[in-house]
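Student: A predicted structure for the sequence below; I have some questions about it.
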Amino acid sequence: MAQALIDAHRAALAAAARFPAHYGPLLRRLARTHCLAVVSNFDYSPTALANIDAVGVRDVFVAIVVSDQVGWRKPRPDIFRHALEATGAEPARTLFVGDKAELDVAGAHGVGMDAAWINPGREPLPPGVKPPEYEIRDLAELEAIVTLRP
């Protein structure tokens, strides 16, 4: 019964996830020249990993940090530091990309990373959140940004 509930939960989350066709090739191109990682506030790592596997991109990530595995959730600095340690990246040379300003942008800034906020609806920045260095509508815009960064 427990496994059936887990499978149903995983299927519902996978159905709600959005992964446009152009994301896979984009991530593969970026992975040739950049160290890519995932930092996710997910309550059940097997589901998070299954979703990544389902779209066929697990191999492009040097690290996948899921909150239930490490015990911290974004925007807490610890989860970002864990990812930095796992990749060997320096905060000042790292760009964090996320779609939740209050979690992703604020959390990245809290550890000294630049941030790119995916904001397709041009929503206003939540009060108290420092503006990201970049605001994009679609992940495809990231490629131009990272080629300009030192």
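Tutor: Thanks, I have the structure now. Numbering: from 1, shown residues only.

Student: okay, helices next: where are they in the protein?
Tutor: For the chain, applying DSSP state H gives helices covering 2-16, 23-33, 45-54, 67-70, 77-87, 106-110, 142-148.

Student: how about TSV for these, with mean neighbour count added?
Tutor: (Glycine included, C-beta is placed from N, CA and C.) Shown next, in TSV, are the helices of the chain (neighbours: other C-beta atoms under 10 Å):
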stretch	mean neighbour count
helix 2-16	11
helix 23-33	14
helix 45-54	17
helix 67-70	17
helix 77-87	19
helix 106-110	22
helix 142-148	12
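
Student: could you export these as a markdown table, including mean pLDDT?
Tutor: Supplementary listing: the helices of the chain in a markdown table, determined by pLDDT from 0 to 100:
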| stretch | mean pLDDT |
| --- | --- |
| helix 2-16 | 62 |
| helix 23-33 | 96 |
| helix 45-54 | 89 |
| helix 67-70 | 94 |
| helix 77-87 | 97 |
| helix 106-110 | 98 |
| helix 142-148 | 91 |
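
Student: let me know how buried residue 57 is, in neighbour terms.
Tutor: For residue 57, the tally of surrounding residues (other C-beta atoms under 10 Å) stands at 19.

Student: for it, give its distance to residue 39.
Tutor: 15 Å (C-beta to C-beta, to the nearest Å).

Student: do residue 19 as well
Tutor: Counting by C-beta to C-beta - residue 19 and residue 39 are separated by 17 Å.

Student: more neighbours: which of those two?
Tutor: With neighbours defined as other C-beta under 10 Å, residue 19 and residue 39 compare such that residue 39 has more, 26 against 15.

Student: pretty sure that one sits against residue 77.
Tutor: No - counting by C-beta atoms under 8 Å, residue 77 is not a contact partner of residue 39; they are 11.4 Å apart.
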